[in-house]
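Chemist: Make a model of this:
(chains A and B)
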Amino acid sequence: MSDSTSVVYLRNSESGALVEAELHDSILQRHLDDQLSKWKPLTTEHAEEHGHWDWQAKWAFFAPQLSYQSFALECNGRTQGLMIVNTIKRCRIQQQANKHLVYVEYLEAAPWNRRPIPGETQYKGVGQVMIAAAIQLSIDEGNHGRIGLHSLPQANTFYRDKCGMTDLGPDASYQNLRYFEMTEAKATAFMQ
Amino acid sequence: MNKRTMTLNLTEREMQVLDELCVRKGLNKTAVMRQALRLYQAVDSRLEAGDKLVIESDKTKEKSELVVL
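Modeler: Got it, this is the predicted structure:
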């Protein structure tokens, strides 16, 4: 699997300082190992909504398929976020219906970035960096920044209020999770 | 992501369809061909696994199997 990296920035929660991070355009084995050994025990302990997500199995399924691309975010020698996106889905908002978008299948930030955990450095901005990566991929693919996703309840506010995505409501065909979509205009605004 | 270049020979009719898809989807030719390859692989892997490709009419909810060779 080829891998290239970009420099991005996260914010150290404690000091407020911006710190350099590396965004990889492919999940590597060390990211999966990090998730399994460092994230999973913390996620399971708190019985989080996505505690059952098995990134090793997901990656084994998605990696051979051209439709999917993955991203991993590293900072301070630790994996801070993982994302898998689908590039063959289409828009639902009327004004861009049936046009292609980048659909975020799975996005997860490390547990210590979602809540304070003693002994772990908390970074803010993992979600924003990952959404920006999905938008940039959408732009690179000729989709003008259009992205879509189904949100877990805990993240509805983030996608609606912080990202400016349009809330199309619960999707009966997808476990009643709310479907969010970003228009080209909102994508441009998010990236500025 | 590393990329490689190839020359693609199409008939006039195929090129016309490609042009039409580019206009309809707002994509360039490379993007349409890449989407086609991704979709082909996605469908083929499901068919190889024994699944069927079914098209459902949004209006009538009638389902018909799409035969893919």
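
Chemist: How about the residues of chain B by chain A?
Modeler: When proximity is defined as CB under 8 Å from any CB of the partner chain, chain B approaches chain A at B:1-2, B:25-28, B:31, B:34-35, B:37-39, B:41-42, B:45. Any C-beta I mention is one placed from the backbone N, CA and C, and that applies to glycine too.

Chemist: and which of these is nearest A:F61?
Modeler: Nearest to A:F61, judged by CB to CB, of those is B:S45 at 10.1 Å.

Chemist: helix/strand/coil for that closest one?
Modeler: Secondary structure of B:S45, reduced to three states by DSSP: H, G, I helix; E, B strand; the rest coil: helix.

Chemist: can you give me the helices for the chain?
Modeler: Because you didn't say which chain, this covers chain A. Using DSSP state H, the helices assigned to chain A run over residues A:29-34, A:40-45, A:55-62, A:111-114, A:126-140, A:156-157, A:184-191.

Chemist: hm, I was asking about chain B
Modeler: B:12-25, B:29-48.

Chemist: For chain A, give me the ranges with low pLDDT.
Modeler: Chain A contains residues with pLDDT under 70 at A:1-2, A:47, A:49.

Chemist: so what's the residue lying closest to A:Y106 once chain neighbours are set aside bridging to?
Modeler: Using CB to CB, 6 or more residues apart in numbering or on different chains and skipping residues adjacent in sequence, the residue nearest A:Y106 is A:I84, 4.7 Å away. On the basis of DSSP bridges, A:I84 is bridged to A:S70, A:Y106.

Chemist: Among the residues of chain B next to chain A, list the two that are farthest apart in space.
Modeler: B:G26 and B:S45 (27.5 Å).

Chemist: Would you mind listing what in chain A touches chain B?
Modeler: A:2, A:4, A:25, A:65-67, A:87-88, A:99-100, A:141-144.

Chemist: Now the buried members of the residues you listed.
Modeler: A:25, A:67, A:87-88, A:99-100, A:141-144 (16 or more other CB atoms under 10 Å in any protein chain shown).

Chemist: separation between B:R34 and B:K3?
Modeler: 10 Å (CB to CB, to the nearest Å).

Chemist: I meant A:Y123, not that one.
Modeler: A:Y123 is 32 Å from B:K3, by CB to CB.

Chemist: Neighbour count: these two, which is higher?
Modeler: A direct count of neighbours by other CB atoms under 10 Å in any protein chain shown for A:Y123 and B:K3 places A:Y123 higher, at 25 against 6.
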